[in-house]
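In: Here's my sequence, what's the structure:
(2 chains)
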There are 2 protein chains.
Amino acid sequence: MEVFRLDFGFGLQAGKMLAEVVEGNFPEALLPLKEKIEQANKNLLEGTAPGSDFLGWVNLPAEITDASLQEILAKAEEFRAKSQVFVCVGIGGSYLGTRAVLEALKPQLSAAKKGSPTVIYAGHHLSEDYTHELLELLDNTDYTLCVISKSGTTTEPAVAFRLLRAHMEKKYGKGEARKRIVAITDKAKGALKTLADEEGYTTYVVPDNVGGRYSVLTPVGLFPLAVAGVNITDLVAGAKDKCRKLTSAQIDWTRHSGAQYALYRQYLYSVEGKKVELMVNFDPRFFYLSEWWKQLYGESEGKQHKGLFPSSAGFTTDLHSLGQYIQDGERLFLETVLSLDNCDKHVEIPSDESNLDGMNFVAGKRLSYVNAKAEEGTCLAHSEEGGVPVLRIQLSQLNEYAIGQLIYFFEYACGLSGYAMDVNPFDQPGVEAYKKNMFRLLGK
Amino acid sequence: MEVFRLDFGFGLQAGKMLAEVVEGNFPEALLPLKEKIEQANKNLLEGTAPGSDFLGWVNLPAEITDASLQEILAKAEEFRAKSQVFVCVGIGGSYLGTRAVLEALKPQLSAAKKGSPTVIYAGHHLSEDYTHELLELLDNTDYTLCVISKSGTTTEPAVAFRLLRAHMEKKYGKGEARKRIVAITDKAKGALKTLADEEGYTTYVVPDNVGGRYSVLTPVGLFPLAVAGVNITDLVAGAKDKCRKLTSAQIDWTRHSGAQYALYRQYLYSVEGKKVELMVNFDPRFFYLSEWWKQLYGESEGKQHKGLFPSSAGFTTDLHSLGQYIQDGERLFLETVLSLDNCDKHVEIPSDESNLDGMNFVAGKRLSYVNAKAEEGTCLAHSEEGGVPVLRIQLSQLNEYAIGQLIYFFEYACGLSGYAMDVNPFDQPGVEAYKKNMFRLLGK
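Out: Have a look, this model is predicted:
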């Protein structure tokens, strides 16, 4: 089942050309990029370019077995039964994927899915006050923990895990603590793997050939999401369906959403000179999906002084802050809207006799109806009046299956886009720079 | 008392020139901008340029009387006593200032300051599911409400207030509902003012000469912050001290932080061609201060196809997502760090006998110490290795007084910066574009 589609109707010149592509006519101006993306597709499927050691994500959804899901679900059930809070220790790709999926699916005003433990993140920054609050909260809360780190030596999660492990061993005793900790780490080596073996923690493997930002569909995302009450079977099913559609040796340009998105943004970047891609939404639940997307695209493309800078906004909130700049400031942008066709609940705007606020023209309408018109109005304002090309990624529903499709779509398009701009989309050499300086300053 | 200072030490060429300025030598390359900013200062103090109808914020802190604060505090006390939840209805400048100050000062893992009602925002977007959740939650919660809108006809808050007012009147009856609603609106006219007079709501005034993004120190911010348990007396005291320092007819360039910041960023924008200012922090409590700053600068400068695009990141979290791009991607940025010297709590990193994670070199150190070194390491990595000029705004403490200073500093520097780039910093014509389209699509 297809639960999303790309709408190029507000994409201005680039959108018009992509509409041609979808209809089977390839505009001449796009032919050089077509070739590059077809080569990129070959690189991804045949592993013939730099970064090929990290292509495990390409066929990952298809390779996830029912048995491995069942194993994760069983352990997750055990954790769910004995925790009010589930602490998830990780940073970057060991943090954002889980949070992106969970925030999209949990209620907005409660800290957890109904009947599920509250997920609290740790090791994703170094705030002392936050950590103090967390430890204090855990004094009086039953909790379990997972620590996610390939090496076990990344500063933020390593430090947080030292503190939390000590807290847990003091609270529950060493024996019970061992049963309340899961480690997701390298299959064979590294600090965390060694410790986990010594202590006898349950462990799951971060595959060698999947980088952090592509790891949400490995146990890195699946285990914590299962503990949080997300239906990981459906999530994987969505990704699997999208994987089947996108991984074909020959790109069918009329249907391949990943190639279309890569083509569109590469055209705007390399031909029209756009510098910033703004991922926007009209539903706050997409906030962390944008954050996840920022890492995926920023780390994959942002090298050799190249790449679209990934930025984000939440509308209509930010139409009343960044809206002015997007409409009238420097023309730096393309804008990509994560759009949602439906919502779960039903709220109608009431009629009011005095109609002082003048809102009776929408009385009896649902809020989502007004929101949809705000979205359409914004797309028009930004594109036609502001000259900002707008692409809509329309989800027909917000559930695990749809998010699974979306994740794989973004991943595949990112691989294509990165290779098409002649960078290795699977390394991140620049992330080391601050660490190197920090270690020196810490006297390591 | 001065609780913050600007550190230009990582600002590369621009930073070196600003260091000269601070020492009393004015580099020749900066003289044209000096003149522009001095003219801008005159515009702000004498009201002689476009936008002069909206300069009420300039002397606002000095004009806030003890009596007006006492009145707000008394009403806030009444609300605090009878609410578990306080719903704050507003968008843009009627939302971001309150949230920025409160999030900076409340605990991170609890929804409220100790002993204070939980603040829940409404009318800041159009999510139907969110609104449904909110109404459901309020069914079983004692709450009070403030609605903030100059006109009373802005779609998002108007619609939310219709729903909430109906909910409250049904729950408490019309009489009690009247006592649980405060309206912050125009002094004389408009939909909300008319309704408030009819119903007899307590009202506070949004001054005519203060635009939304400059309104946090009016009742727009002060009343909800007082209900939330923020010490608004100290907040105003901080702003007042900064106001006294910055509003002098003659700029003392060696000390005027607002003029220095305006000069620095205008130099990087107009001479070095930077396009994006990235406001970053190493403490999650600053997240919404960055959001508030985005509106302030984006709406003030983003017009006539000009302006630095205001973007933000939270470190060290985002060093593991946007870090790669900032280090090695397109050279679009200047980076401004909201830096905090101290934290309230005390958490030491424990020693570990086996030292598998290799972290014993920081055992016995506080987390904030490691965080400070991460910050310094990042400033070095981004500036010296990445070529990104970094400015640090260093707060010596995180409390109401410091935030008050920071707010006024940003406001004044924004006024200077906007005038210096020859735009009217006090209008926002582009915000209307999406509304116009939306109304048409809604058949208004």
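
In: C-alpha only now, for contacts and for neighbours.
Out: Will do.

In: Quick check on the residue of the stretch 151-300 of chain A found nearest chain B: phi, psi?
Out: Using C-alpha to the nearest C-alpha, the closest approach of the stretch 151-300 of chain A to chain B is made by residue A:295 at 3.9 Å. Geometry field for residue A:295 lists phi and psi as phi -60, psi -50, criterion degrees, to the nearest 10.

In: what's the nearest residue to it if we skip its chain neighbours?
Out: Taking C-alpha to C-alpha, 6 or more residues apart in numbering or on different chains as the measure, residue A:295 lies nearest to residue B:321, with 3.9 Å between them; neighbours along the chain are not counted.

In: For burial, what's the neighbour tally of that neighbour?
Out: Residues within reach of residue B:321, counting by other C-alpha atoms under 10 Å in any protein chain shown, total 29.

In: thinking again about what came up before, wait, the residue of the stretch 151-300 of chain A closest to chain B touches residue A:213, no?
Out: Yes - using C-alpha atoms under 8 Å as the test, residue A:295 is close enough to residue A:213 to be in contact (6.6 Å).

In: and for the two, which residues touch both?
Out: Taking C-alpha atoms under 8 Å, 6 or more residues apart in numbering or on different chains as the contact rule, the neighbours common to residue A:295 and residue A:213 are A:92-93.

In: if you count what's nearby, which of those two comes out ahead?
Out: With other C-alpha under 10 Å as the criterion, residue A:295 and residue A:213 differ in neighbour count, and residue A:295 comes out ahead with 28 against 24.

In: on that earlier part again, just checking, the residue nearest to residue A:295 touches residue A:298?
Out: Yes - in this structure, residue B:321 sits in contact with residue A:298. The criterion is C-alpha under 8 Å, and the distance is 6.7 Å.

In: Give me the contact list for stretch A:373-383.
Out: Residues external to stretch A:373-383 that are found in contact with it (C-alpha under 8 Å, 6+ apart): A:10-12, A:282, A:316, A:326-327, A:388-390, B:433-438, B:441-442.

In: in the stretch 51-200 of chain A, which spans are strands?
Out: A:85-89, A:118-122, A:143-148, A:181-185 (DSSP state E, counting those that start in this stretch).

In: Surely residue A:6 forms part of a strand?
Out: Yes - according to DSSP: H, G, I helix; E, B strand; the rest coil, the state of residue A:6 is that of a strand.

In: Please list all residues in contact with the residue minimising distance to the centre of chain A.
Out: Residue closest to the average C-alpha location in chain A (C-alpha atoms, centre = their mean): residue A:292, at 3.2 Å. Under the criterion of C-alpha under 8 Å, 6+ apart, the contact partners of residue A:292 comprise A:93, A:96-97, A:100, A:213, B:321.

In: Among those, which ones are in helices?
Out: When DSSP state H defines the helices, the subset of these inside them is A:96-97, A:100.

In: separation between residue A:132 and residue B:370?
Out: Applying C-alpha to C-alpha, to the nearest Å, the value for residue A:132 to residue B:370 is 15 Å.

In: what do you get for residue A:13?
Out: Using C-alpha to C-alpha, one gets 49 Å for the distance from residue A:13 to residue B:370.

In: Could you check which of those two is surrounded by more residues?
Out: With other C-alpha under 10 Å as the criterion, residue A:13 and residue B:370 differ in neighbour count, and residue B:370 comes out ahead with 23 against 15.

In: mind checking the SS state of residue A:217?
Out: Assignment for residue A:217 (three-state DSSP): coil.

In: pLDDT score for it?
Out: Looking at residue A:217, its pLDDT is 98.

In: any idea how far residue A:131 is from it?
Out: From residue A:217 over to residue A:131 the distance is 28 Å, taken as C-alpha to C-alpha.

In: With residue A:167 instead?
Out: 12 Å.

In: again with residue A:164
Out: Plainly put, residue A:164 is 9 Å away from residue A:131 if you go by C-alpha to C-alpha.

In: same deal with residue A:268?
Out: For residue A:268, the distance to residue A:131 under the criterion C-alpha to C-alpha works out to 43 Å.

In: now residue A:55
Out: Distance of residue A:55 to residue A:131, given as C-alpha to C-alpha: 35 Å.

In: And for residue A:438?
Out: 20 Å.

In: CA atoms only for whichever helix or strand residue A:297 is part of, dumped as PDB, please.
Out: Applying DSSP states H and E as the criterion places residue A:297 in helix A:287-301. Provided in PDB are the C-alpha atoms of helix A:287-301 (Å, rounded to 0.1, in the frame of the first residue of the first chain):
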ATOM      1  CA  PHE A 287       9.500  18.000  14.900                       C
ATOM      2  CA  TYR A 288      11.900  15.100  15.600                       C
ATOM      3  CA  LEU A 289      11.500  13.600  12.200                       C
ATOM      4  CA  SER A 290      13.000  16.800  10.900                       C
ATOM      5  CA  GLU A 291      15.800  16.600  13.400                       C
ATOM      6  CA  TRP A 292      16.500  13.000  12.300                       C
ATOM      7  CA  TRP A 293      16.400  14.200   8.700                       C
ATOM      8  CA  LYS A 294      18.900  17.000   9.500                       C
ATOM      9  CA  GLN A 295      21.500  14.500  10.600                       C
ATOM     10  CA  LEU A 296      20.800  12.200   7.700                       C
ATOM     11  CA  TYR A 297      21.300  14.900   5.100                       C
ATOM     12  CA  GLY A 298      23.700  17.200   6.900                       C
ATOM     13  CA  GLU A 299      26.200  14.500   7.700                       C
ATOM     14  CA  SER A 300      25.800  12.800   4.300                       C
ATOM     15  CA  GLU A 301      26.200  15.800   2.100                       C
END
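
In: What mean pLDDT does the helix or strand following it get?
Out: Once helix A:287-301 ends, the next helix or strand along the chain (criterion: DSSP H and E) is strand A:309-314. Strand A:309-314 shows an average pLDDT of 98 in the prediction.

In: Give me the buried positions along the top helix by length along chain A.
Out: For chain A, the helix that runs over the most residues, judged by DSSP H, is helix A:155-179. Buried residues in helix A:155-179, counting neighbours by 16 or more other C-alpha atoms under 10 Å in any protein chain shown, are found at A:155-168, A:177-179.

In: Centre of the chain to it, how far?
Out: On the basis of C-alpha atoms, centre = their mean, to the nearest Å, helix A:155-179 is displaced by 28 Å from the centre of the chain it belongs to.

In: Over to stretch A:49-58?
Out: On C-alpha atoms, centre = their mean, the centre of stretch A:49-58 falls 19 Å from the chain's centre.
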